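In: below are the sequence and a predicted model; questions follow.
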Amino acid sequence: MSSGVTAPGGLMQEVLLNSLVNITKTRDIDSLEYSLVSTIHEFIGCQQIAIYKKMDTPDAVSIERSLALYVDDDGQFQWSERCEEEEPSPELISCLHSACTISVQSNTGVENRWIPVVLQEKPVGAIALTSVGLDSQSQVLLNAFCRIFENYLAVLNENERDKLTGLLNRQTFDKKVADLMQKQVRNQYRGQAHEGNRMIHPGSTSWLAIIDVDYFKQVNDRYGHVCGDEVLLLLAQKMNEFFRASDLLFRFGGEEFVIVFEPTRSDMLRKRLDAFMDMIRSTRFPFVANITVSIGVARMSPYDFPISVLENADRALYHAKDSGRDQLHFFHEIVEILDRENGDLDGDVDLF
Ligand SMILES: Nc1nc2c(ncn2[C@@H]2O[C@H](COP(=O)(O)OP(=O)(O)OP(=O)(O)O)[C@@H](O)[C@H]2O)c(=O)[nH]1
């Protein structure tokens with residue numbers, strides 16, 4: 001038996017209730033995960049606890065370990081951060097595939113257990129535990145914690161998402177971007193040249209793109225709002241399939257979408273967005289057959305105000321619309337051109 005908290009009955013119940021209060025007090029998914037792992041550590045006391053997430057990418061399903069806690073023999077513990085799981089165990093894959101709990105016991109009595117996390121009837125992740133075997137009380141507690149986590153995850157997930165497309169909604173923008181930027185500062189500080197298992201190329205920065213459907217009003221006017229919604233839904237699905245799971249995809253309202261890209265070089269991003277525009281041009285949408293999009297992109301560093309970056313991307317988008325639509329423009333390039341034309345090297349030109 002590997003129980004964490006040992007306290008008299010009444011006190012134990014109080015500690016337990018407080019822990020549940022802490023789980024349900026959280027307002028974002030990262031804090032929820034942290035509360036769950038802390039609670040399992042406190043009440044069940046495992047050697048390792050990890051949360052895995054299934055990430056659907058264009059080419060394959062990848063798995064991310066979003067949080068892990070390692071406890072050594074002296075009870076000292078260490079947190080480990082988000083990373084891509086390069087070689088997921090067959091048990092983890094099978095748990096994610098079957099949505100069933102899997103438990104494997106070694107000769108030495110160490111037990112590995114994978115518990116699925118199910119959202120809208122689909123397995124979206126798993127909680128993995130390494131322990132010296134769980135007694136029945138710990139198993140009951142563990143299952144209850146996991147189910148509370150699952151229920152609360154569903155609530156938070158719904159609050160973060162746009163109802164029509166399922167993409168992140170505008171209200172989450174500040175928090176999500178702040179988290180991403182903090183992560184980049186930490187990586188810079190550690191001199192880390194990798195993002196997950198991807199190489200960060202020299203000269204890479206984050207980018208923010210605003211994608212806006214061209215002449216979308218005509219779609220609504222001609223076919224009605226419900227048909228317009230169908231077009232937006234398919235476009236969002238295409239974006240989800242095309243871009244990496246680590247890029248943040250938002251619907252900002254109407255026919256306007258925002259993507260925050262993890263560090264990459266501008267030439268690489270241009271290639272990717274050109275390919276995206278090509279894919280959209282050749283996709284057959286319901287009712288309208290074809291649509292095009294205009295895109296404005298601005299560089300984003302951890303030291304920028306997100307609102308200023310949004311304004312810059314919006315100016316580049318305006319330029320794309322103004323120049324005929326179905327185009328991609330980078331804000332810094334427009335500034336460079338205008339600077340040259342105006343001979344104004346302050347960069348303080350009234351652009352648009
Ligand atoms: N179907 C649907 N339409 C929406 C939604 N939100 C906003 N719209 C419509 O999106 C259209 C946006 O029109 P405009 O801003 O004039 O832009 P546009 O017609 O795409 O023209 P350009 O962007 O200049 O190419 C309007 O008709 C809005 O009513 C929504 O949730 N569903």
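Out: Yes, it's here. This structure is a prediction, so every number in the text was calculated from the model and none was measured. Numbers count the residues shown, from 1 in each chain.
In: where in the chain is pLDDT low?
Out: 1-9, 56-60, 187-203, 343-352 (pLDDT under 70).
In: now the strands for the stretch 201-350 of the chain?
Out: 205-213, 248-253, 256-264, 293-300, 328-330 (DSSP state E, counting those that start in this stretch).
In: partner strands of the second one, with direction?
Out: According to DSSP bridges, strand 248-253 forms sheet pairs with strand 168-169 (parallel), strand 256-264 (antiparallel).
In: send me that strand as CSV with only the CA atoms.
Out: The C-alpha trace of strand 248-253 is given here as CSV (Å, rounded to 0.1, in the frame of the first residue of the first chain):
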residue,chain,number,x,y,z
LEU,A,248,-2.8,28.3,-31.0
LEU,A,249,-5.9,28.6,-33.2
PHE,A,250,-8.6,31.1,-32.3
ARG,A,251,-11.8,32.2,-33.8
PHE,A,252,-11.9,35.9,-33.0
GLY,A,253,-15.5,36.3,-34.2
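In: domain assignment for the protein?
Out: Taking automatic domain parsing as the domain assignment, the ranges for the chain are 9-160, 168-342.
In: let's have those in TSV, adding mean neighbour count.
Out: Every residue, glycine included, has its C-beta placed from N, CA and C. What follows is the domains of the chain, written out as TSV (neighbours: other C-beta atoms under 10 Å):
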stretch	mean neighbour count
domain 9-160	16
domain 168-342	17
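In: quick one, which of those domains gets closest to the ligand.
Out: In terms of C-beta to the nearest ligand atom, the element of the domains of the chain nearest to the ligand is domain 168-342, at 2.6 Å.
In: how much space between residue 148 and residue 13?
Out: 16 Å (C-beta to C-beta, to the nearest Å).
In: could I get the strands paired with strand 248-253 in TSV, plus columns for distance to residue 95?
Out: Listed next are these as TSV, based on distance: least, C-beta to C-beta, whole Å:
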stretch	distance to residue 95
strand 168-169	26
strand 256-264	28
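In: a markdown table for the ones you listed, including distance to the ligand?
Out: Below are these laid out as a markdown table (distance: least, C-beta to the nearest ligand atom, whole Å):
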| stretch | distance to the ligand |
| --- | --- |
| strand 168-169 | 12 |
| strand 256-264 | 8 |
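In: who wins for proximity to residue 182 among these?
Out: Across the strands paired with strand 248-253, residue 182 has its closest neighbour in strand 256-264 (13.0 Å, C-beta to C-beta).
In: next one: that closest one to chain centre, how far?
Out: 11 Å (C-alpha atoms, centre = their mean, to the nearest Å).
In: now the stretch 51-200 of the chain against the ligand: closest residue?
Out: residue 164 (6.1 Å).
In: give me every residue in the stretch 151-300 of the chain lying close to the ligand.
Out: Residues of the stretch 151-300 of the chain lying close to the ligand (C-beta under 6 Å from any ligand atom) are 212-217, 220, 225, 228-229, 232, 254-255.
In: just the helices from the stretch 1-150 of the chain, written as ranges.
Out: Here the stretch 1-150 of the chain has its helices, by DSSP state H, counting those that start in this stretch, at 9-25, 29-43, 90-98, 136-160.
In: CSV for these, including distance to residue 236?
Out: Conversion of the helices of the stretch 1-150 of the chain to CSV gives the following (distance: least, C-beta to C-beta, whole Å):
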stretch, distance to residue 236
helix 9-25, 30
helix 29-43, 20
helix 90-98, 24
helix 136-160, 15
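In: of all these, which one is nearest residue 75?
Out: Closest among the helices of the stretch 1-150 of the chain, using C-beta to C-beta: helix 29-43, at 10.2 Å.
In: which residues touch that closest one?
Out: 3-5, 15-16, 19-20, 22-23, 25-26, 46, 49-51, 66-69, 71, 77, 127, 129, 138, 141-142, 145-146, 149, 152-153, 156-157, 160, 179 (C-beta atoms under 8 Å, 6 or more residues apart in numbering).
In: CA atoms of it as PDB?
Out: Extracted C-alpha coordinates of helix 29-43, given in PDB (Å, rounded to 0.1, in the frame of the first residue of the first chain):
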ATOM      1  CA  ILE A  29      -6.700  23.600 -17.900                       C
ATOM      2  CA  ASP A  30      -3.000  23.900 -16.900                       C
ATOM      3  CA  SER A  31      -3.900  24.700 -13.200                       C
ATOM      4  CA  LEU A  32      -6.500  21.900 -13.300                       C
ATOM      5  CA  GLU A  33      -3.800  19.400 -14.300                       C
ATOM      6  CA  TYR A  34      -1.500  20.700 -11.700                       C
ATOM      7  CA  SER A  35      -4.200  20.300  -9.000                       C
ATOM      8  CA  LEU A  36      -5.000  16.800 -10.100                       C
ATOM      9  CA  VAL A  37      -1.400  15.600  -9.900                       C
ATOM     10  CA  SER A  38      -0.800  17.300  -6.600                       C
ATOM     11  CA  THR A  39      -4.000  15.700  -5.200                       C
ATOM     12  CA  ILE A  40      -3.000  12.200  -6.400                       C
ATOM     13  CA  HIS A  41       0.500  12.700  -4.900                       C
ATOM     14  CA  GLU A  42      -0.900  13.900  -1.600                       C
ATOM     15  CA  PHE A  43      -3.500  11.100  -1.200                       C
END
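In: the inter-axis angle of it versus helix 9-25?
Out: 170 degrees (axes from the mean of the first three to the mean of the last three C-alpha atoms, to 10 degrees).
In: distance from helix 29-43 to the middle of the chain?
Out: Worked out by C-alpha atoms, centre = their mean, helix 29-43 lies 19 Å from the chain centre.
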